[in-house]
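1. This is a predicted model, with the sequence first.
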Amino acid sequence: MTTDAPATKPPSLRRRLVLAIVSASVALWLASLGIVTVIAWHETNEVFDDALEEAGYMILSATTDWHARGLPARPPTREVRKVDMQYQIVQQGRVIQRTEGAPRQAFVAGFDDDEGFADPKVDGRRWRVFVVRDEAGRFEVQVGQRHDKRFDILEELAESLWLPVAGILLLLALVCWLLIGRVLKPLRRTANEIAAKSPSDLAQVALEGQPRELLPIVGALNGVLARLDAALQAERRFTADAAHELRTPLAGLHMHVQLLGRQHPEMAAPFGKLRQDIARLTALVDSLLTLARLDPLAREQLLRQQVLLAPLLEGVLALHAPEAARRGITLALRCELETVQADPRMLEIMLRNLVENALRYCPDGSRVEVSVIRHEGRERIAVRDNGPGVDDASRARLGERFFRVLGQGQGGSGLGLSIVRRIAELHGIALGFGVGLDGRGLGVTLDLPAA
């Protein structure tokens, strides 16, 4: 069985994701570019203003009588200068005039060209120096700036930019997180739809609205679900058909054995054993047929209604009263509730199997009690006995199909409690196994869901 893709072109998660991230990145990049431009413009203006001011002092120094070797006075500044340039006027290798922060010796001695840049090291500090010589060659003007001062400008720029840039990056991460979450929403929706499936729900996952990248996965999953559903349906049909077809020959076989027993009374014992085996086989076939009918059912298909408990329980106990009387087993009923919400036919099957199971494994003279009470705010139906009970390891496996506790010496198909478990699952009933009456035996509890 194959599933056709929808006619409309499916959306692409990759395209959506790329468009979302690119759009967010471009928008936030433009915003960050605007912020950086404003900050850089402000910082650059300050740098050029300082450069103009320093150039003024340089011209003033160059036009001063350098023979006086005076230091030009500098007015007090309000803050540390961003561009700290120092000047020297050098004549024949001697510094005849300099600014306050310049070294006493020349930045560059014996400069070959009339003008140019140099990177000398003076007094242990690296300088970037521009040298220019007058046309007559009488003196040189050397303008220098320490390398570390240039790095100070970069540090100030980084200090001004790191907070806005960090904010933009965090905003970008948040926007991408939200956009990616929105784009991947169909993926989460499909995952939730698959996770919500129960073992009995093999319906196809809808292809409509699925992204293009998910179509191969969903299509493959639908193929697996279709094959699994077909296999389960075939198995259930086979079980139901086989069980149904076996009932007629088993009934005929039981009738022939009875007839032969009357014709040959001397063989009553072997014929009696044969009738017991036929009855056991008939019960097994009935149980298989019941399970085949229960397996495909869903909770929505149950006929839920208010069930009168007292008449139902009395009818179940009356059905087993002859066997209990023959073996001296006491059947007790304690019903404190009037009604419960359930499917009446399935509730009867469940209770009949529990009482029958208790009678089968209890020795003669035991007690079996059926009680309906309110326990911790929920309706509880319990079937308890004071028989030999079941050990903890075997109790954990009760309800498995064809599982029987060894060493009991009793017949049975191992399907009675499996039927009870399946009906409890359909009703949402919590099935529990514990200790029975008088601190011994087996107790089976059915806690109905709250209304």
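-> Noted; the coordinates are in hand.
2. Tell me where the chain has strands.
-> Ranges of strands within the chain are 85-91, 94-98, 115-118, 121-122, 125-133, 140-146, 305-308, 330-335, 339-342, 367-375, 378-385, 430-435, 442-447, based on DSSP state E.
3. Kindly present those strands as a markdown table, with separate columns for mean neighbour count and mean pLDDT.
-> C-beta here means a position set from N, CA and C on the backbone, and glycine is covered the same way. Formatted as a markdown table, those follow (neighbours: other Cβ atoms under 10 Å; pLDDT from 0 to 100):
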| stretch | mean neighbour count | mean pLDDT |
| --- | --- | --- |
| strand 85-91 | 22 | 81 |
| strand 94-98 | 19 | 84 |
| strand 115-118 | 12 | 82 |
| strand 121-122 | 14 | 89 |
| strand 125-133 | 17 | 85 |
| strand 140-146 | 21 | 81 |
| strand 305-308 | 13 | 88 |
| strand 330-335 | 14 | 90 |
| strand 339-342 | 19 | 87 |
| strand 367-375 | 18 | 90 |
| strand 378-385 | 22 | 90 |
| strand 430-435 | 16 | 89 |
| strand 442-447 | 21 | 90 |
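4. Minimum distance to Ser12: which of the ones you listed has it?
-> strand 430-435 (46.2 Å; Cβ to Cβ).
5. show me where pLDDT drops low in the stretch 151-300 of the chain?
-> Low-confidence segments of the stretch 151-300 of the chain, defined by pLDDT under 70, span residues 153-154, 158, 199-200, 235-236, 238-247, 280-281, 283-292, 294-298.
6. what do you get for the stretch 1-150 of the chain?
-> Within the stretch 1-150 of the chain, the set of residues satisfying pLDDT under 70 comprises 1-8, 41, 44-45, 48-83, 150.
7. With the stretch 301-450 of the chain instead?
-> Within the stretch 301-450 of the chain, the ranges that satisfy pLDDT under 70 run 301, 402, 404-414.
8. and the strands of the chain as CSV, adding distance to Ser23?
-> Output for the strands of the chain, formatted as CSV (distance: least, Cβ to Cβ, whole Å):
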stretch, distance to Ser23
strand 85-91, 46
strand 94-98, 58
strand 115-118, 46
strand 121-122, 52
strand 125-133, 44
strand 140-146, 44
strand 305-308, 58
strand 330-335, 69
strand 339-342, 55
strand 367-375, 60
strand 378-385, 54
strand 430-435, 52
strand 442-447, 55
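9. To Pro211, which of these lies closest?
-> Proximity to Pro211 (Cβ to Cβ) singles out strand 430-435 among these, at 39.9 Å.
10. Among the strands of the chain, single out whichever gets nearest to Arg189.
-> Proximity to Arg189 (Cβ to Cβ) singles out strand 430-435 among the strands of the chain, at 30.8 Å.
11. Ok, which of the strands of the chain comes nearest Asn222?
-> strand 430-435 (32.9 Å).
12. Give me the angle between that closest one and strand 378-385.
-> 40 degrees (axes from the mean of the first three to the mean of the last three Cα atoms, to 10 degrees).
13. still on that earlier bit, so which of the strands of the chain is nearest Leu221?
-> strand 430-435 (31.1 Å).
14. Show me what the closest one packs onto, helices and strands only.
-> Judged by 3 or more Cβ pairs under 8 Å, 6 or more residues apart in numbering; DSSP states H and E, strand 430-435 is in contact with helix 416-427, strand 442-447.
15. what's in contact with that strand?
-> Contacts with strand 430-435, where a contact means Cβ atoms under 8 Å, 6 or more residues apart in numbering, come from 389-390, 395, 398-399, 420-421, 424, 441-447, 449.
16. now stretch 441-451
-> Stretch 441-451 is contacted from outside by 340-342, 350, 354, 358, 361-362, 366, 375, 377-390, 395, 417, 420, 424, 427-437, using Cβ under 8 Å, 6+ apart.
17. now, which of the contacts of strand 430-435 sits nearest Arg182?
-> Of all the contacts of strand 430-435, Pro449 has the smallest distance to Arg182: 37.1 Å, by Cβ to Cβ.
18. For that closest one, grab the count of nearby residues.
-> Neighbours of Pro449 under the rule other Cβ atoms under 10 Å: 12.
19. Next: Leu33.
-> So Leu33, with other Cβ under 10 Å, has 11 neighbours.
20. Repeat that for the one 4 residues further on.
-> Using other Cβ under 10 Å, Thr37 has 10 other residues around it.
21. residue contacts, it?
-> Thr37 sits next to no residue when contact means Cβ under 8 Å, 6+ apart.
22. now stretch 317-335: how far from the chain's centre is it?
-> Relative to its chain's centre, stretch 317-335 lies at 52 Å (Cα atoms, centre = their mean, to the nearest Å).
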